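A.B. asks: Give me a 3D structure for the following:
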Amino acid sequence: MDINTRDFGTVSVEEDALYHFPEGLYGFENIQEYCVFSQSFDEEISFLYLQAKDSLDPCFLVFEPWDLYPNYAPSLLEADLNALDATGPEELIFLAITTIAPNPEELSLNVKSPVVLNPKTRTGRQVILENRDYPIRFQPFLNPGKGE
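C.D. replies: Model (predicted):
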């Protein structure tokens with residue numbers, strides 16, 4: 001399937017890259033279909049994006065939290081697990097939305113409210129984790145060692 005993106009033009013994605021978000025994402029509740037795709041910039045660097053299927057915006061740069069927060073251990077509410085039709089977090093994919101700053105060292109991840117995907121049901125949901133110590137703006141390059 002081909003999707004149009006603001007930053008990359010037309011991108012081909014597999015059907016299993018499409019996820020339905022019944023409640024949308026925070027601030028984008030009316031957009032319920034998103035695709036996850038990878039974009040490579042050279043042979044060694046590849047980034048993940050969460051792109052609205054039917055519009056150019058929003059498109060989010062996302063990371064699996066463990067890439068930059070190694071001891072990430074998300075605790076979900078029972079209501080979130082039920083909405084995702086999952087029995088535990090081990091069945092799910094977690095993606096942290098990233099905010100890019102002019103200075104790359106100031107990049108921040110939202111590890112408190114990740115996007116959570118169920119690959120079996122192709123559904124997604126943005127959640128607020130029960131983990132009280134997880135920040136909305138975790139800056140891994142300015143806080144080395146935190147999250148380990």
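A.B. asks: Grab the most central residue of this structure for me.
C.D. replies: Centroid check for the chain by Cα atoms, centre = their mean gives Leu95 as the closest residue, at 3.0 Å.
A.B. asks: in this structure, which spans are strands?
C.D. replies: 2-5, 9-12, 18-20, 33-40, 46-52, 59-63, 93-99, 108-109, 115-118, 123-126 (DSSP state E).
A.B. asks: Nearest to Ala83 among those would be which one?
C.D. replies: Minimum separation from Ala83 across these (Cβ to Cβ) falls at strand 123-126, 5.6 Å. To be clear about C-beta, it is placed using only N, CA and C from the backbone, and glycine gets the same treatment.
A.B. asks: Which other helices and strands does the closest one contact?
C.D. replies: strand 18-20, helix 78-83, strand 115-118 (3 or more Cβ pairs under 8 Å, 6 or more residues apart in numbering; DSSP states H and E).
A.B. asks: just to revisit the earlier point, isn't the residue nearest to the centre of the chain up against Tyr49?
C.D. replies: No - with contacts counted by Cβ atoms under 8 Å, Leu95 stays clear of Tyr49, the gap being 9.9 Å.
A.B. asks: now Ser40, nearest residue through space, not along the chain?
C.D. replies: Nearest residue to Ser40, sequence neighbours excluded (Cβ to Cβ, 6 or more residues apart in numbering): Ser46, at 4.5 Å.
A.B. asks: Which pLDDT value goes with that neighbour?
C.D. replies: With respect to pLDDT, Ser46 scores 71.
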